[in-house]
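> below are the sequence and a predicted model for it; my questions follow.
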Amino acid sequence: MYSKLVLKRVDPARIKEVGPDRAAAEWLIRCGAAVKWKDMEKWQTDYNTLPGSGFHRYKVEVIDATDSAVMDIGFPHLRGLEHLRKMKFHRCSYLDNNALFMLAYVKNTLDNLEIVSCGNVSDEGVLSLQALQNLQYLYLYDLPEVRDREKCIHTLTQSLPKCLVDFPPVKKD
């Protein structure tokens with residue numbers, strides 16, 4: 001476990017060397033996520049095909065962390081991402097409230113967020129999303145540790161008046 005945590009820990013020297021976007025992309029891809037660069041159509045999923053030069057031209061615009069191993073220890077990588085608009089966390093086993101608190105690093109740019117089937121996210125984490133004042137769309141679903149879904153909806157709707165908050169109940173078969 002130690003070696004895996006080292007790979008996910010923030011390295012300030014690396015950020016200084018390659019910039020926040022490249023460093024964040026490295027972390028995300030090592031965790032199994034995908035990134036989309038601003039003004040590019042192709043998703044970056046392979047660490048070995050990350051751009052080898054011109055790092056500062058590449059800006060992370062979208063993150064798809066579906067089925068990835070992102071965890072709070074790496075979320076400080078988000079600091080300095082000035083073009084990030086959308087994040088998607090579906091079935092992220094290690095995503096927790098601490099990680100959600102750190103989404104405040106991208107509060108000025110993030111306008112679309114999805115959190116689905118992440119079992120370590122509770123009311124506290126969901127309510128921390130109030131800090132994301134730029135959000136226009138928030139989709140939450142199947143968060144089993146959330147105990148008061150209605151309160152979360154009400155609080156987020158009041159705190160984020162420009163945001164469509166969509167948090168439907170889990171469908172039972």
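Thanks, I have it.

> hey, let's count contacts and neighbours off CA atoms from now on
Fine.

> quick check: Gly80 is in a helix.
No - checked against DSSP: H, G, I helix; E, B strand; the rest coil, Gly80 lies outside a helix; its state is coil.

> what's near enough to touch Leu95?
Leu95 sits next to Ala69, Val70, Met71, Asp72, Cys118, Gly119, Asn120, Val121 when contact means CA atoms under 8 Å, 6 or more residues apart in numbering.

> again but with Ala69, I slipped
With CA under 8 Å, 6+ apart, Ala69 has these contacts: Cys31, Gly32, Ala33, Cys92, Ser93, Tyr94, Leu95.

> how much space separates it from Arg91?
Distance, Ala69 to Arg91, using CA to CA, to the nearest Å: 9 Å.

> repeat that for Arg149.
For Arg149, the distance to Arg91 equals 19 Å [CA to CA].

> Pro161 too?
Where Arg91 is concerned, Pro161 sits at a distance of 28 Å (CA to CA).

> who has more neighbours, these two?
Set side by side, Pro161 and Arg91 show more neighbours around Arg91, with 19 against 13, by other CA atoms under 10 Å.

> hmm, that one is touching Val121, no?
No - taking contacts as CA atoms under 8 Å, Arg91 lies outside contact range of Val121: 11.1 Å.

> in this protein, what helix or strand scores lowest on average pLDDT?
Ranking every helix and strand in the chain by mean pLDDT, DSSP states H and E puts helix 2-8 at the bottom, with a mean of 49.

> which residues of this structure score low on pLDDT?
Scanning the chain with the threshold set as pLDDT under 70 gives 1-8, 173.

> let's go with 90 and repeat that
For the chain, residues meeting the criterion pLDDT under 90 lie at 1-11, 51-56, 171-173.

> please give me every residue in contact with Ala104.
Here Ala104 is in contact with Leu129, Ala131, Leu132 (CA under 8 Å, 6+ apart).

> against Leu135, how distant is it?
According to CA to CA, Ala104 and Leu135 sit 11 Å apart.
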